[in-house]
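Visitor: Based on what follows, work out the 3D shape:
(chains A and B)
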Amino acid sequence: MREKIKTMFRDMSDTNLLLFITIVVFFLMYIGAVIFQGKGFLKPQTFFNILNANAALILLACGLSLVMITGSIDISVGGVTALVSMCCAVYLDYKGGNVFVSMLIALGIGLAFGLVQGLLIAYLDIQPFIVTLAGMFFARGMTTIVHTNPFNVENEKFVALKETRVTVPGMGSYNKLGVYVDAYVEIGVIVAVLLVLVLFFMLRYTKLGRNFYAVGGNNQSALMLGINVKRTKFFAHLLCGILAGIGGYLYFLHVGSGAPSHAQGAEMNAIASSIIGGTMLTGGVGNIIGTFFGVLSLSTIQNIVSSAGLDQAWWTGITIAAMLCLFLVIQSVVMARKKKQVRK
Amino acid sequence: MSKILKNQIFIPIAALLLLAVFNLIMDPSFFKITLGYNSAGDPVLSGYLMTILDYGSELAILAIGMTLVTAASGGQDISVGAAIAISGSVVLRVLCGRDHHAETMQAPIIVAFLISCVVAMIFGAFNGTLVAFFKIQPMVATLILFTAGRSIAAWINNNELPIVNEVRFSYFGGFIPGIPIPTPFFIAAACVIVIFLVLKFTNLGLYTQTVGINENASRLNGLNPEFIKFLAFVILGLCVAVAALIKVSRLSTINYSVIAKDIEMDAILAVALGGNALSGGKFNMTASILGAYVIQFLTTTLYKFNVPADALPAYKAVVVILLVVFSAPVVRDFISAQWKRLTKKGVTENA
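Guide: Model prediction:
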């Protein structure tokens, strides 16, 4: 039996091994939360609230997984999120515009960032970190140029969309008064989950998705196999930009306001979830489903921290950083051991 | 002519001249320096140029460490702003002791400074360990401290704002009585002299460049690339501590979320403007330090034209992008090919 498990681990691909670790960690953590933090975590609604609050983060993290699989990185997503919510807020509130156009604005901003950053990184061969760092500062700066002060959007149609809730059948629970309350998710969650599925199939079964892995795994071999490396990298950044745009809109839909301080540190959370989800920074390894679980793990930890009474702002930052650090080290150790085994 | 163009120091000097000419045309009063008296009655020089010398100093100090890190590891440390918050917080914590509004300092400044140096070097070592031994990309490894840093800084002082009332403490970020030039400039000059002596009399510079150019080759030649990368991050930690002392001394207190905000961007920009390859390898310390002052020149110019502080990053980002686009090998090759074609055409036409 032991031998069997050992060979099973050895034969697992890197992607599956890291995915396995992530899912196990998530379930352990959730069970731990249920045991130590009482029954609150047992209610399905607690889980759905985690989803509601993190629909945007899921998309941002998916975008980051795509670029990280190709061996690149993008840290502008938080800035793009802030810019998108500010632009949409200003458009909806001051011009009384309609909701559909605001969606187009979000998509356009995301597309523009993806396009420019992708061009610079893929075709001009500039370090992705520098380009996207500049992108992040540009987006943050532009956000304050568009509007300086935070404000809530009062456009009726938008508020109606924001308040729309989709009930999940059979998952409700009784509240303190003994009244049955349906469990619900917001629209953003449905969009996010659908996109996660689409991306999952794209990565696994389409040529472009497989090219991502090939380029990230080994640039040179991919080139020799006749893959257009530059175009693949460009598409990864383009997709990441678009996902940041959509994610930004979901964020906007969740909070319903525009502010320069929105999504502060979101890029860090997205990178952290992606890494926790088993995406290797070196490229070539990663899985969208893992990223999804990565986001859940990260937000579960945050929930545990805040329900344990450590809700001063600094604890969240410190726990996320510690968790990220832990997973980076795990990755590095797991990979080093695996390499040794292969050599044997 | 081509020899001057190829010299690395040409880039920051050209940028400096460009900015100077721009300011000269827009408003010559930019260059006016006046001798006035501050509230304590001591003579001080003031004017935009003095502001640049003053505020560019901590940037120059950071640029020293950032250049070494860039050269050795091929990546940049983006946690310097957060690290400054931490080590500034440590300085205040030691100086104020338990009482947050202590009338007198509880410890000599030098002790506080040394302790903050140790703390900053430990955090530098943390980054260095992740980068050198766990082989994590520098920017991602330092992203950890980038997020956690300001939280840690707030935690050190229990999120309170200690204030140092002693006048002596404000000398480091202000003026020493009787000397009209801002002290940060002297501190920066001292750091520059030290680093040049180190580069001249030790192999640090050579080894750093070797590791940056080819890690495997340097290992085969008997160097220890892990240790050199680690060392670069520790040295950056030291630079951070010095910069933090200046920053904290300016205010005599600290604001955890604002202190040294976006300074990592400026420090990286200084290195890039100095013409150093951001992918590691060869470096030119003089160019980086000059680059730091040019960045401050740019910032001061933008401030002068009433650009709000929050919008500043957007303008700088554009400068960074232009800078990296024009220093990208692909673009350079394209430009030089075009240039050759143009000049060739000229020659044949003449003939």
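Visitor: Chain B contacts on the stretch 201-344 of chain A?
Guide: A:260, A:265, A:268, A:271, A:281, A:312-318, A:320-322, A:324-325, A:328-329, A:332 (CB under 8 Å from any CB of the partner chain). All C-beta atoms are positioned from the backbone trio N, CA, C, and that covers glycine.
Visitor: do that again at 10 Å, thanks
Guide: A:260-261, A:264-265, A:267-269, A:271-272, A:275, A:281-282, A:312-325, A:328-329, A:331-333, A:335-336 (CB under 10 Å from any CB of the partner chain).
Visitor: filter those to the buried ones?
Guide: With burial judged by 16 or more other CB atoms under 10 Å in any protein chain shown, the buried subset of these is A:260, A:264-265, A:267-269, A:271-272, A:275, A:281-282, A:314-321, A:323-325, A:328, A:331-332, A:335.
Visitor: Burial check on residue B:129, number of neighbours?
Guide: Neighbour count for residue B:129, taken as other CB atoms under 10 Å in any protein chain shown: 17.
Visitor: which residue packs closest to it, ignoring adjacent ones?
Guide: Of all residues not flanking residue B:129 in the chain, residue B:230 sits nearest, at 6.8 Å (CB to CB, 6 or more residues apart in numbering or on different chains).
Visitor: Next: residue B:178.
Guide: Using CB to CB, 6+ apart, the nearest residue to residue B:178 is residue B:42, at 6.3 Å.
Visitor: got it, and residue B:265?
Guide: In space, and not counting its chain neighbours, residue B:265 is closest to residue A:137: 5.8 Å by CB to CB, 6+ apart.
Visitor: Surely the one you found touches residue B:263?
Guide: No - Residue A:137 is beyond contact range of residue B:263, at 12.0 Å (criterion: CB atoms under 10 Å).
Visitor: what do those two both touch?
Guide: When contacts are counted by CB atoms under 10 Å, 6 or more residues apart in numbering or on different chains, the set common to residue A:137 and residue B:263 is empty.
Visitor: tell me the contacts of residue B:199?
Guide: B:64, B:68, B:205-206, B:208, B:283, B:285.
Visitor: Could you check which helix or strand contains the closest residue to chain B within the stretch 1-150 of chain A?
Guide: With CB to the nearest CB as the measure, residue A:141 is the residue of the stretch 1-150 of chain A nearest to chain B, at 2.5 Å. Using DSSP states H and E, residue A:141 sits in helix A:128-146.
Visitor: circling back: quick one: which of the buried ones among the residues of the stretch 201-344 of chain A next to chain B sit in helices?
Guide: Residues of those located in helices (DSSP state H): A:267-269, A:271-272, A:275, A:314-321, A:323-325, A:328, A:331-332, A:335.
Visitor: hey, where'd the strands end up in the stretch 1-150 of chain B?
Guide: Shown for the stretch 1-150 of chain B, the strands assigned by DSSP state E, counting those that start in this stretch span residues B:34-37, B:43-46.
Visitor: sorry, back to before: which among the contacts of residue B:199 count as buried?
Guide: Buried among the contacts of residue B:199 by 16+ other CB under 10 Å: B:64, B:68, B:205, B:208, B:283, B:285.
Visitor: between those residues, which is closest to chain A?
Guide: Of all those, residue B:283 has the smallest distance to chain A: 15.7 Å, by CB to the nearest CB.
Visitor: Correct me if wrong: the closest one contacts residue B:211.
Guide: No - with contact defined as CB under 10 Å, residue B:283 and residue B:211 do not form a contacting pair (11.6 Å).
Visitor: Are there residues contacting both of the two? Which ones?
Guide: In contact with both residue B:283 and residue B:211: B:71-72, using CB under 10 Å, 6+ apart.
Visitor: For stretch B:146-165, list the C-alpha coordinates in CSV.
Guide: Output in CSV follows, covering the C-alpha atoms of stretch B:146-165 (Å, rounded to 0.1, in the frame of the first residue of the first chain):
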residue,chain,number,x,y,z
PHE,B,146,5.8,44.6,0.4
THR,B,147,2.4,43.5,1.7
ALA,B,148,3.3,42.7,5.2
GLY,B,149,5.8,45.5,5.8
ARG,B,150,3.5,48.4,6.7
SER,B,151,1.4,46.1,8.9
ILE,B,152,4.5,45.0,10.7
ALA,B,153,5.6,48.7,11.1
ALA,B,154,2.2,49.6,12.6
TRP,B,155,2.4,46.5,14.9
ILE,B,156,5.8,47.5,16.3
ASN,B,157,4.4,50.7,17.8
ASN,B,158,0.9,49.2,18.5
ASN,B,159,-0.5,51.4,15.8
GLU,B,160,0.2,54.6,17.8
LEU,B,161,2.1,57.5,16.5
PRO,B,162,5.2,58.2,18.7
ILE,B,163,6.6,61.7,18.5
VAL,B,164,10.1,62.7,19.3
ASN,B,165,10.3,66.2,20.7
